[in-house]
Each structure stands twice: as C-alpha cells, then as structure tokens.
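Q: could you work out the structure for the sequence below:
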Amino acid sequence: MKSPQSTSVPPRASGRVLTRTSPRQSPFSALAMAWTAMGAFFVTSGSAWPVPVLAMVILWSRFIEWRFARESFAPWILRLITFAAIGLTAGVRPALAADWLMDARTVNIIGLIAVAEMTLQFWRATTRHTYQPSIVLLAGIVLLIASNTFDPRYIRFFAPPFILFAVFALRDLQPRVALQSTLMPGGLMLRIASLSVVLGGGFAMHTALDLYRGELMSLGLQFLHERRFPQSIGVSMQPRLSSRFNATASPQRVLRIVGNLHDPHLRAAAFDLYAGGSWGPAINARKPHLLPETAPPSSSKEHSPARITRLIDIEGALLFAPLNAAAVVPGEASSLEYDAANAGPLRSDEPAPYEYTVWESTRRVEGIPVFQGPLCAPLQAADRARYLQVPPEVDPRVRALAEQITRDTWHPAERARAIVEYLMANHKYSGEARRGGGDPISNFLLGRRAAHCEYFGSAAVILLRSVGVPSRYVVGYLAHEKDGPETTIVRQRDAHAWAEAWIDGVGWVSVDATPGDGRPNAQAPIPWWRKVWERAQDAVAALREQVAHVSRGQWTLLLCALVIVWAATRLRLAHRKVLGAVSDSYTPPEKRLCEVATRFESWLAQQQNAPPATVSWRRFLQHAECELPNTQRAAALEFAKEYERVRWGQSGDEEALQSVDDLMNRLELYTQPPSSAGPRMRRLS
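A: Got it, this is the predicted structure:
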C-alpha cells in the first residue's frame, strides 16, 4: 500500500496511431546501409517496382516527424496487407541461384518481405536508440539473399560499402550523448585508423571470398543441397589402369541402404574390351534401354528386399545393385534403363534423392550368390569370343602363368577360385601402383608388384580368359559401413573394382581377387563429428522435402497467420504491462485530504487502536480486534467509507472534502489519554 504523499503516476495505454518525434530520427549510416542492401537485392533478384518504392518510403522518414506509436495496431495491419500482397503478386522469376529449403522464387519473396519489414522499422517510434536495432539484422538478411546468385559481378560492388555503412550504423545505434566541443588528444588519428582498419578488412575479406568462392560454395551445397550438380564419384566412365585408384577417396555419402544385402558388391557397369591399359566401351557411349518391369518375388523366404537411396546426382545417372538381384523395382512414377548387351549400366534420370528397391536372392552355392536375375543376361554363343578376348599386347607368359595356376583344376569355378587364391597370396595391395612400360597387367603379374583393386580385378579377368573362362571387368562399390541394425552407408571412398565370370551351368558370378587389407572395408572408420554433420544434413533434407510440397498461397496464409499471432501476443503483453503498472501506481491525493488522513491516523493511535500497516481502515474497524466502543467504531467506520469514496475519485468536489473534514471533527470529540507508545502512522491502502 502507498502513502498519501506518493507522487507516482500510472502509465496509460496510448490509443494514438502516430506520435511526433524529431525529424532525421534515423542516422544517415542506417539509411545508406539499408539502401545498399536493397540495391543489391534489386539488381540480382529481378524485382521491379516494390524495392524502389520502398526505398523512397525509407527516404521520406528523414523529413517527416511522425512515427507509428509503439502500442499502435496500425503497423500490424500494414504488415498483413503488404506481406499478403507480396506473396500473391510477386511472380517475377528471380536470378537467384541456390535452392535452399525452398525454391528460388520463394526465397525471393522472403527477401521482399524483409525489405518491407525493414521499411516499416524506419517508421516506428523509438526511445532508447537513434533507430530500431532490427534494421541492421534485416539489412543483413536482404544482402545475404541478394548474394545468392550465379552472377557475382554486382555483389562485389555492393558488399564493401554495405560493411562500411553497417559499422557506422552500429556505432550510431548507441544512445546519443552530448558532444564535446573539442576532440580528445589523438581522437582524429584514432578515427582515421579505425576507418583504415575497416576498409582494409573489408578489402581482405572480399579478396578471400572471391579467391575461395568455389570451395565455399561447394561446402555450402553439401550442407544445404548436396545433390545440385552431377558429380564424379570414384567410378570412372572408362576405367584406365593408372598409378592411383579413386584418388580423392572422399567420405561423401553416395547411397543409403535400408535392409540387409548378402552380397556387398554393388555394380555400376561391366567392361569387356581391353586395350592399352583401358577398359571399354565407355559408359557414356552406351545406349541403355528401358528395363522391363520385374515384380517383387512372391516368396519372402528366398528373397530379401533392400531400399537403396541415391543421395547425390551422379555423372551418368548411375544406379547400383548386386549382380544376382532377383528384381529391381523403380521408385514411384519412374522407370529404369539398362544396357543388357554390355551388362550395364543401370540408370535413372530422376534427381536425387532417388529411392529404388532391390530384391536379393538368398540362394548360394558354396557361399557364392548364383541367382540369375534381370542383370544377368545369359551368355550367348556369339558373345563368348568377346568375353574370352586377350589382346596380343598381353605378354604370352601371362597365359602360361594362368595355365600353371589352374593346372590341377578342370571346372570353371575351381579355376576361378585358384586364380583368386594365387593373386591374394603373391601380390600385395598398395594405393600406389607403378604402371611401367608396355602392358600394365603383364607388368603387374610377371613382376609380382603391389597395386590397387583395378589391377587385381583386371588381372583376374585376363587370367580367367587365358584358361577359357568368359569374364568381364566390373566397377562399383563395396557396401560395408553399418549405420544401424539394418542401414548401410556407401561413400565415394568405397569405390571398388572386381571381375565377373561365367560358370557353365550356373551363370554369372562375382570374383573379387583384391586382398582383404585393400578393400574399402579395411579403411579407417568415419569420425563421429562427420556423422553428426551428416545427421544435420539429413534433417535439412527432410525439412526441404516437406517444404517442397507447400504452395505459394499456403506460404502466404501461414505468414499472415504468424503475423496475426505475433501481433495478438504483443498486444496482450502490452495490455498486461499497462494493467500491472496501474495496479502498482496511483495519482496522489489532494493536500487537504492528506491532512485529514494524518489526523485520522493520530486519532486511532490516541485510542490505542491503530491497525496493522497491511490492513485497511475499513477492514480493521469491521474486525473483532478493534476495541473501540460501539459509538466510536460506528463514527470511525462512517469516516473510512466516506474517505474511500472521495479518495478514489467518486466525488472530489469541495462539498465532499468538507464532508470528510466534518466527520473527522466529530471523531476528535472522542478523545482518550495519549498512548505511552506514541502515535503510529497508518499507510493508506
């Protein structure tokens, strides 16, 4: 409760729409910063009339004294109208480049909304700062969206002045203080040095960003949109035996497999022509045909499904599947292509992420998958010579070596097993291979050199052909990295090469002669921080997938709903603030009324019946603790009621004040000897 002498005044909710303030409220630095960002956005976005019009509206704020009052509802009405108009009419196809969580046109609309909100902030009244601090943030968002373009010629002219104006705008954001008539010693030099640092830093940053622009864009695309451009993924379009295989060995994810694949070899394509250390025909020179639809097997005991998702766009639009797949089912509303004559590739032009399903047979012969599905075209008699070709450039001693390796075997499967065992026992794996002069396979086999999987796979093919087993060279991936009970991740670094052999009476089977320490599953595990990064990528991709289905009209309705909710919340909080201030403050009573209240407090003390400081007069007089005689109590209670009526504004004229004074005079007729404790002052409620 407050004393009668309180001088606090309750704040009142302003019903005004506009309030008058000093002209030039926003400093020139903030205006220049906003104009620079808007200019960059206008040039790169292709927007026509909204940006110049809003720029002029900002300029008018420098010469007009009126601002929207802080508690006014008018800015929210303007937001609703402006944002809805932008969302429904902004049909310009922008020149913005990156596809973020939404398409470029939607990003352009967000930029226009930021420009409109920044314009409104220039017209809002402010008391603590020279301008609204949110202007700096909004200007930065506008420039960021404007910088998202394939054509950087204009941004390099806008970015340096924006940084300069932003620095000065942040300085001017501080509350104004009285300026000294003279500068401090060294003040001018300090300002010159600060300006030089800002300009030099801006130039250095611009140079660095321009120099490393490609690397930065690549890093950003990996996080925001990993699939934008077809990439080379360690699988060559035309393999050539070189000193290194898969030189980049990137940990970037290529495939995600949900389900269990018993054969980890995921083939991209096979090659049958060998010449000059290279395999052909090239993948991009082939003409795949529509793969006939294959229904999923009816028996789930002999077949197991696995959903494979191609996570990035790949050069050649390649897909990957085990050789002995029982069925390959395309994703929804899509089809697959396959070149059966050349044993691949399997491909789809659908953009990533693209999901398809592979049904794998569990049928095995001595642990080797033997099911002949749609990827295993039977070997025709006319093609047998092609898969047995050994070019004359291969040293004749290689054929003699093959016959020596398989001298104790007669079945093609046994010969294949003997060749694999020989290569693993007599050659070591190495990421570096010395090609040497002449035929690289001959040099590798006869010199017992160490090499990588391309040499082991190629050598296996040539040795098998030398002993009459049709075979071909294959490139693809070795799936091995588990990411949960039934999830496998395939990365670029998991690229691999092996052979496929035709076994009479069985069909095509995979033959991998690379030693275990040279296969992709022998690599160091992926660090934890990269997996955390990848989960963040997955979250962004999932959000992007959801956002892609939202139309522009739905975005507009959602934005308007958010504005309405925000406005209602702000108004409710403001109303509560006003009510709280009113409950804690009140206007002071008149001097004459204060004097009467003081006299009443003294009278109660004289009667030795002063109430506690937390209890009002009326409540105390009505309570049993009051020991006043009935006559005095009735007179005191009448005074308390009349005082409250006059004090709280129900009647404040001269006649009412005189009535209170007369009641007090009558009370003072009831006197008792003063209390030894002295008077106790009662605080008014």
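Q: C-alpha only now, for contacts and for neighbours.
A: Will do.
Q: which residues in the stretch 501-650 of the chain form helices?
A: With helices called from DSSP state H, counting those that start in this stretch, the stretch 501-650 of the chain shows them at 528-547, 552-584, 591-606, 617-622, 630-647.
Q: mean pLDDT for those helices: which is lowest?
A: In terms of average pLDDT, helix 552-584 trails the rest of these, at a mean of 67.
Q: mind putting the helices of the stretch 501-650 of the chain into JSON lines with mean neighbour count and distance to Pro351?
A: Output for the helices of the stretch 501-650 of the chain, formatted as JSON lines (neighbours: other Cα atoms under 10 Å; distance: least, Cα to Cα, whole Å):
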{"stretch": "helix 528-547", "mean neighbour count": "14", "distance to Pro351": "13"}
{"stretch": "helix 552-584", "mean neighbour count": "14", "distance to Pro351": "23"}
{"stretch": "helix 591-606", "mean neighbour count": "19", "distance to Pro351": "83"}
{"stretch": "helix 617-622", "mean neighbour count": "18", "distance to Pro351": "80"}
{"stretch": "helix 630-647", "mean neighbour count": "17", "distance to Pro351": "78"}
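Q: so for Gly476, which of the ones you listed sits nearest?
A: Distances from Gly476 to each of the helices of the stretch 501-650 of the chain were compared using Cα to Cα; the minimum, 22.6 Å, belongs to helix 528-547.
Q: which other helices and strands contact that closest one?
A: When contacts are defined as 3 or more Cα pairs under 8 Å, 6 or more residues apart in numbering; DSSP states H and E, helix 528-547 sits against helix 213-224.
Q: those helices in the stretch 251-400 of the chain, which residues are they?
A: Taking DSSP H, counting those that start in this stretch as the criterion, the stretch 251-400 of the chain contains helices spanning 381-384, 396-405.
Q: dump the helices of the stretch 501-650 of the chain to CSV, plus distance to Tyr429.
A: As requested, these are arranged in CSV below (distance: least, Cα to Cα, whole Å):
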stretch, distance to Tyr429
helix 528-547, 27
helix 552-584, 56
helix 591-606, 102
helix 617-622, 98
helix 630-647, 99
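Q: nearest to Ala84, out of those helices?
A: Closest of those to Ala84 is helix 552-584, at 6.0 Å (criterion: Cα to Cα).
Q: picking that back up, out of the helices of the stretch 251-400 of the chain, which is the most enclosed?
A: Highest mean neighbour count among the helices of the stretch 251-400 of the chain (mean count of other Cα atoms under 10 Å): helix 396-405, with a mean of 16.
Q: pretty sure Ile312 is in contact with Gln252, am I right?
A: No - under the contact definition of Cα atoms under 8 Å, Ile312 does not touch Gln252, with a separation of 9.3 Å.
Q: settle it for me: which of the two has more neighbours?
A: Between Ile312 and Gln252, counting by other Cα atoms under 10 Å, Ile312 is the more crowded of the two (24 against 19).
Q: what number of residues lie near the residue lying closest to Asp494 once chain neighbours are set aside?
A: Closest residue to Asp494 in three dimensions, ignoring its sequence neighbours and counting by Cα to Cα, 6 or more residues apart in numbering: Pro520, at 5.0 Å. Here the neighbour count serves as a burial measure; for Pro520 (other Cα under 10 Å) it reads 20.
Q: per-stretch mean pLDDT over the helices of the stretch 251-400 of the chain, give me the minimum one.
A: Within the helices of the stretch 251-400 of the chain, the stretch with the lowest mean pLDDT is helix 381-384, showing a mean of 88.
Q: element containing the closest residue to Ser510 other than its chain neighbours?
A: Distances taken as Cα to Cα, 6+ apart place Glu500 nearest to Ser510, at 4.5 Å, with adjacent residues excluded. Secondary structure here is read from DSSP states H and E; on that basis Glu500 sits in strand 495-503.
Q: for Glu403, what are its contacts?
A: 466-467 (Cα atoms under 8 Å, 6 or more residues apart in numbering).
Q: state the distance from it to Leu464.
A: Spatial separation of Glu403 from Leu464 under the definition Cα to Cα, to the nearest Å is 10 Å.
Q: quick check, central residue of the protein?
A: Val540 (5.0 Å; Cα atoms, centre = their mean).
Q: the residue nearest to Asp494 and Gly476 touch, don't they?
A: No - with contacts defined as Cα under 8 Å, Pro520 does not count as touching Gly476, sitting 11.4 Å away.
Q: quickly list what's touching both of these two.
A: With contacts defined as Cα under 8 Å, 6+ apart, the residues adjacent to both Pro520 and Gly476 are 495-496.
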